[in-house]
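Chemist: Below is the structure, and that's it, no one-letter string:
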């Protein structure tokens with residue numbers, strides 16, 4: 001009956017629908033993660049208690065020789081007492097996104113520690129141990145307190161999988177009273193300074209959406225918005241898709257809170273912002289700082305090795321061949337759109353005769369291509385100077401190939417997902433290239449396939465995937481590529 005009432009009056013009960021679905025989805029996902037989190041933290045803190053106690057026991061063997069017999073029992077009592085006083089009565093600090101301050105509050109840490117210490121003290125008194133052993137237990141307890149605080153700090157940082165808003169502004173697109181509730185929840189977590197506006201009027205049925213949407217786009221670009229939170233009811237699904245499409249083209253993260261009408265994609269797109277469960281439509285591994293740093297370190301090391309051990313003897317040979325093939329410069333420099341469409345100077349060995357058609361894509365048996373240029377293109381040796389682009393950070397070893405500026409403008413209108421390939425740094429080689437999609441793109445489906453492979457690469461990136469693509473590229477360089485012209 002409750003669900004019938006919610007669905008029977010969509011307009012009048014949009015707030016109820018959103019609140020009901022939002023709380024239900026948060027509860028379902030968060031409960032599962034909390035249970036695993038509780039057991040994980042229990043194991044970590046139990047190991048800390050055991051480890052500190054064992055370390056000090058081994059450190060003072062003469063003073064604690066009589067404890068060796070009862071040590072396993074005492075360690076077990078320490079751990080069980082911690083479970084009783086810390087985990088069973090207090091659950092709030094274990095929810096996703098708990099702050100460090102919450103984790104070390106009196107109710108979550110110091111209160112349970114006080115009860116735990118009192119119980120352990122009573123047990124030790126019952127064991128009738130000599131007074132000389134008490135400093136050992138005090139040392140153990142002080143060490144445990146310090147390490148528990150450190151463990152909770154590490155747990156809070158590493159276990160929160162949600163995005164960090166500290167580096168960017170966010171706006172909220174919602175409707176009704178719930179909009180203010182959402183704004184309050186987000187600003188409490190990340191501060192007023194990151195909140196850049198609430199756009200209830202964007203989805204006001206009494207206003208023209210296209211006109212308001214244009215103002216919204218201009219505002220986001222002008223104020224460099226990095227995150228858009230959306231929570232709208234079922235009948236406004238088209239508005240959600242329009243906002244999401246705009247966000248993708250401008251590299252703004254679009255975070256959708258669950259509601260009765262939105263069909264969520266597969267589980268890997270679900271993440272957390274504090275204790276809010278959201279759907280990030282463009283969630284990929286290279287948003288993780290560790291992955292980004294790992295990829296960058298590999299790029300620097302690999303490009304330096306190529307420059308030192310290959311360029312040192314190969315550049316003079318290729319340079320001489322290019323010069324003899326036709327008059328003109330050795331290198332061809334062209335502006336290409338890079339990460340987030342930022343233009344950079346892309347380097348290549350010149351493979352064509354000097355002409356004024358640099359923005360025209362090469363075709364099969366193109367008369368502009370020299371004989372030497374044909375060989376360089378067939379073996380991909382013309383791309384070698386791009387290792388300098390990698391070294392300075394404009395490119396990566398592996399990534400979507402940088403197309404021409406004119407292609408960015410043209411294909412963005414025909415393929416909605418095309419701009420998303422620029423969410424990461426372009427590469428010397430890429431997934432689409434090793435799959436055979438390179439060269440001329442006379443038909444739209446050929447570019448669509450490239451985009452599909454580029455986006456698949458971004459979504460499923462891992463370090464070994466890069467290594468695999470590099471090996472496949474080397475293989476293609478040796479045997480030659482059919483569509484390299």
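Modeler: Thanks, I have the structure now. Keep in mind that what you see is a predicted model, and the values were worked out from it rather than measured.
Chemist: Do a quick rundown of the strands in the protein.
Modeler: For the chain, strands defined by DSSP state E occupy the ranges 169-174, 195-198, 225-231, 253-256, 270-273, 276-280, 331-337, 343-349, 396-398, 427-429.
Chemist: Could you dump those strands into CSV with distance to residue 455, mean neighbour count and mean pLDDT added?
Modeler: Using the backbone N, CA and C atoms, a C-beta is placed for each residue, glycine as well. Formatted as CSV, those follow (distance: least, CB to CB, whole Å; neighbours: other CB atoms under 10 Å; pLDDT from 0 to 100):
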stretch, distance to residue 455, mean neighbour count, mean pLDDT
strand 169-174, 25, 23, 86
strand 195-198, 28, 17, 84
strand 225-231, 20, 23, 88
strand 253-256, 16, 22, 85
strand 270-273, 18, 20, 69
strand 276-280, 15, 23, 76
strand 331-337, 16, 17, 91
strand 343-349, 21, 18, 93
strand 396-398, 14, 27, 97
strand 427-429, 14, 26, 95
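Chemist: Select, out of the ones you listed, the one closest to residue 146.
Modeler: When the strands of the chain are compared by CB to CB, strand 270-273 sits nearest residue 146, at 28.5 Å.
Chemist: what about the stretch 251-400 of the chain, any weak spots by pLDDT?
Modeler: Per-residue confidence for the stretch 251-400 of the chain (pLDDT under 70) gives these ranges: 259-269, 272-275, 355-366.
Chemist: Do a quick rundown of the helices in it.
Modeler: 289-306, 312-325, 371-379, 386-392 (DSSP state H, counting those that start in this stretch).
Chemist: give me the number of residues near the nearest residue to residue 291 once chain neighbours are set aside?
Modeler: Closest residue to residue 291 apart from its sequence neighbours, by CB to CB, 6 or more residues apart in numbering: residue 285 at 5.1 Å. Per other CB atoms under 10 Å, the neighbour tally for residue 285 reads 18.
Chemist: how far away is residue 285 from residue 216?
Modeler: As judged by CB to CB, to the nearest Å, residue 285 and residue 216 stand 30 Å apart.
Chemist: just to revisit the earlier point, got the helices of the stretch 251-400 of the chain as TSV, with distance to residue 335 columns?
Modeler: Shown next, in TSV, are those (distance: least, CB to CB, whole Å):
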stretch	distance to residue 335
helix 289-306	21
helix 312-325	21
helix 371-379	20
helix 386-392	12
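Chemist: Out of the ones you listed, which is closest to residue 44?
Modeler: Of all these, helix 289-306 sits nearest to residue 44, with 20.1 Å by CB to CB.
Chemist: In terms of residue numbering, what are the domains of this structure?
Modeler: Annotated domains of the chain cover 14-159, 163-283, 289-479 [automatic domain parsing].
Chemist: quick one: terminal-to-terminal distance for the last one?
Modeler: For domain 289-479, the first-to-last residue distance is 37 Å (CA to CA, to the nearest Å).
Chemist: picking up where we left off before, adding mean neighbour count, write the helices of the stretch 251-400 of the chain out as JSON lines.
Modeler: Formatted as JSON lines, the helices of the stretch 251-400 of the chain follow (neighbours: other CB atoms under 10 Å):
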{"stretch": "helix 289-306", "mean neighbour count": "15"}
{"stretch": "helix 312-325", "mean neighbour count": "14"}
{"stretch": "helix 371-379", "mean neighbour count": "19"}
{"stretch": "helix 386-392", "mean neighbour count": "20"}
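Chemist: Show me the one of the ones you listed that comes nearest residue 338.
Modeler: Checking these against residue 338 by CB to CB gives helix 386-392 as the closest, at 8.8 Å.
Chemist: helices or strands up against the closest one?
Modeler: If you count contacts as 3 or more CB pairs under 8 Å, 6 or more residues apart in numbering; DSSP states H and E, helix 386-392 packs onto helix 289-306, strand 343-349, strand 427-429.
Chemist: Indicate which one of the ones you listed is closest to residue 180.
Modeler: helix 289-306 (32.4 Å).
Chemist: Quick check: which helices or strands does the closest one pack against?
Modeler: Contacts defined by 3+ CB pairs under 8 Å, 6+ apart place helix 289-306 against helix 386-392, strand 396-398, helix 463-479.
Chemist: now the last one and helix 289-306, what's the angle there?
Modeler: Translated: helix 463-479. On the basis of axes from the mean of the first three to the mean of the last three CA atoms, to 10 degrees, helix 463-479 is oriented at 30 degrees to helix 289-306.
Chemist: I'd like the mean pLDDT over helix 463-479, please.
Modeler: Averaged over helix 463-479, pLDDT sits at 90.
Chemist: For it, give me every contacting residue.
Modeler: Contacts to helix 463-479, defined as CB atoms under 8 Å, 6 or more residues apart in numbering, come from residues 291, 294-295, 298, 379-381, 397-398, 429-431, 433-434, 457.
Chemist: how big is the angle separating it from helix 371-379?
Modeler: In terms of direction (the same axes, to 10 degrees), helix 463-479 departs from helix 371-379 by 140 degrees.
Chemist: All the helices of the stretch 101-250 of the chain, residue numbers only.
Modeler: Here the stretch 101-250 of the chain has its helices, by DSSP H, counting those that start in this stretch, at 111-126, 134-159, 178-190, 209-222, 237-249.
Chemist: So which bits of the last one are buried?
Modeler: Residues of helix 237-249 classed as buried by neighbour count (16 or more other CB atoms under 10 Å): 239-240, 242-244, 246-249.
Chemist: now, among the residues you listed, which is nearest to residue 170?
Modeler: Residue 170 has its nearest neighbour among the buried residues of helix 237-249 in residue 247, at 11.5 Å by CB to CB.
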